[in-house]
Each structure stands twice: as C-alpha cells, then as structure tokens.
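Peer 1: Whatever this is, show me its structure:
(2 chains)
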Amino acid sequence: MKQEPFVIERIYNAPIEKVWKAITDKDQMKEWYFNISAFKPEVGFEFQFEAGDKNKTYLHLCKITDVIEEKKLRYSWRYDGVPGNSFVTFELFSEGESTRLKLTHEGLETFISDNPDFAKESFSKGWNHIIGKSLKEFVEKDPG
Amino acid sequence: MRRDVFQAIADPTRREIINLVSRESLNLNTVTGNFKISRPAISKHIKILTECGLIIIKQKGRERYCEANLQSLGQVSQWIEQYRTLWTGKLNALENFLNKKEKSLTKPTSGKAGKKINKKPNKK
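Peer 2: Numbers count the residues shown, from 1 in each chain, chains lettered A, B, ... in the order given. Below is the predicted model:
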C-alpha cells in the first residue's frame, strides 16, 4: 500500500521558461535552492549536496529520473547512510503570464520506518491537534 | 508486512476506526456496529491497528475494549511537517529570486509598458 505524497503548489509571476531555468541551472539554483556543484537536466544524471538544519546536516543524494523540458523534472532524493528513498517532482504549468509549480515529494515514509535516530525523537504535539488537524489534512489530501 | 503508523492509516476503514475510538474506548461490538462491512473484516483491521500499536485491546469483565494509543501518529505529522517547512521555505525563496531577477532585467528598458498584468485566464 502506498502512502499519499506530500504536495505543495505555488503560482509565480514569471514565464515558464524562467521558472524552468531557475530549477535546472546550477548558478540559479544556488540562489534559492541548494549549492550543487554540478547539475544537468538529463535522465540518469546524479548530483549531491549537503543540507540540513543547525543540529545536523545530511549528504543528499539525487538521481534524475524524468525530464520533460519546461514541464517536468523528477529526481530521487535520499540521504547518505540512511535507509529509504524518496522522489521529488517539479511540474510546471503555464497560466497566462504566470507559471504554476506543483511540487510532489513521495516516499517520505520510507525514511521513517527503519531510522532509529528518528524513532528516538520525542513527540510533544497534542493529540487533538494531530487528530483534528494534521492527520485530517494528511489523510484527506487527494493527490489527484 | 510492515507494521507501523503509516500502514495503520493507509486504509480508510482503519482511519475511521481510529476516529471512533479516539473519542472513547469502545467494545468490539460497538465498533463493528458502526460499519456496514463484515465483522471478520473489521476484526482484521483492528488486528492490524493493534499490531501497528495504535489500538490496545483491554479485557474488561466479559467485554473486550478498543483503546486508542495515538502517540505514534505524532510521527506522521512531525515528519511531514519537516518537509512542509523545507519546501515552503524553498518555494518562497524561488519566488524572491524570480521577482528579483524580473526587476533587474526590466530596469534598463525604461518606458516599456509595465508587466504588471494581473489578469489571469478564466479557469475551469
């Protein structure tokens, strides 16, 4: 049984080719995304970068699986030394002069199941919040 | 087969069972009575939920009660929340980047009609 993926959408006041360049050109990616030493929007291309929060950083390992010029970019996303694998998809849709970006991150649950680091973390949120809001949003989200 | 919180909530009937018993502990008959599907089917879902640790069965006299044990649901929301924070931050940064770029590109071409057309095509 598959878990429903995480999805987030945004509309940018920029033409599709600009947004595409921003998500595929390493010099532009550095400005808003991550500092990646080499990037090519080609299926099979592998790239990596170090990222995390102030407590800990992880080496992110990615491999491109799908490229449709100015429409879709998909790559695997995993962490060095951590079991599990996920996939990030950027999809672009032209809406007049604007561009709608849909980001899907699927497979997040694969990191959780066998990660002792993660299981040890304490969870302090109230159950009412979790049941009433987070879970509701989580389970009702229809990936379409 | 995996037995964790994600497996537990992957099925709509199981989510409904969790909702029911999260308000109060219920005996097995009451839980079953809330569904149109067969008793064995409900039993199977309850068994999975107990194996995933979200429900605890407690014997009270002659009755068996389902009690919710929802701590592990925190794993789901907390985990997803981290990624929500990450992607919200990144997509905001992309917006700033695109806006900045737009400005620096349009600046030298003065006199050009503003690009601020907010009109969007009719959707649907």
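Peer 1: can you map out the helices along the chain?
Peer 2: Just going to use chain A. A:16-24, A:26-32, A:109-112, A:116-120, A:127-129, A:135-140 (DSSP state H).
Peer 1: Hmm, no, I was thinking of chain B.
Peer 2: Under the criterion DSSP H, helices of chain B are mapped to B:5-8, B:12-23, B:28-33, B:39-51, B:73-106.
Peer 1: most tightly surrounded among the ones you listed?
Peer 2: Using mean count of other C-beta atoms under 10 Å in any protein chain shown, the stretch among these with the largest mean neighbour count is helix B:5-8, at a mean of 22. C-beta here means a position set from N, CA and C on the backbone, and glycine is covered the same way.
Peer 1: Any part of that helix near chain A?
Peer 2: Yes. Contact between helix B:5-8 and chain A, assessed by C-beta under 8 Å from any C-beta of the partner chain, occurs at B:Phe6, B:Gln7.
Peer 1: Okay, the residue nearest to A:Thr104 when sequence neighbours are not counted and chain B: tell me how far apart.
Peer 2: Nearest-residue entry for A:Thr104: A:Thr89, 4.4 Å, with adjacent residues in sequence omitted and distances by C-beta to C-beta, 6 or more residues apart in numbering or on different chains. Noted for A:Thr89: a distance of 12 Å to chain B, by C-beta to the nearest C-beta, to the nearest Å.
Peer 1: cool, A:Lys18 as well?
Peer 2: For A:Lys18, the distance to chain B - C-beta to the nearest C-beta - is 6 Å.
Peer 1: And A:Gln48, by the same measure?
Peer 2: A:Gln48 is 17 Å from chain B, by C-beta to the nearest C-beta.
Peer 1: likewise A:Gln28?
Peer 2: 7 Å.
Peer 1: Now that residue: closest residue in space that isn't a chain neighbour?
Peer 2: A:Ala22 (4.8 Å).
Peer 1: tell me the pLDDT at that neighbour?
Peer 2: At A:Ala22, the model reports a pLDDT of 93.
Peer 1: now do B:Leu73
Peer 2: 75.
Peer 1: B:Leu54 is in contact with B:Asn69, correct?
Peer 2: Yes. Counting by C-beta atoms under 8 Å, B:Asn69 touches B:Leu54, with 6.0 Å between them.
Peer 1: Who has more neighbours out of the two?
Peer 2: B:Leu54 (26 against 16; other C-beta atoms under 10 Å in any protein chain shown).
Peer 1: which residues touch that one?
Peer 2: By C-beta atoms under 8 Å, 6 or more residues apart in numbering or on different chains, the contact set of B:Leu54 is B:Val5, B:Ala8, B:Ile18, B:Ala68, B:Asn69, B:Leu70, B:Ser72, B:Leu73.
Peer 1: Now do the contacts for the fourth one.
Peer 2: Read that as B:Ala68. Applying C-beta under 8 Å, 6+ apart, we find B:Ala68 in contact with B:Ile18, B:Val21, B:Ser22, B:Ser25, B:Leu54, B:Ile55.
Peer 1: And the residues you listed, which is closest to A:Phe39?
Peer 2: The closest of those to A:Phe39 turns out to be B:Leu54 (C-beta to C-beta; 41.7 Å).
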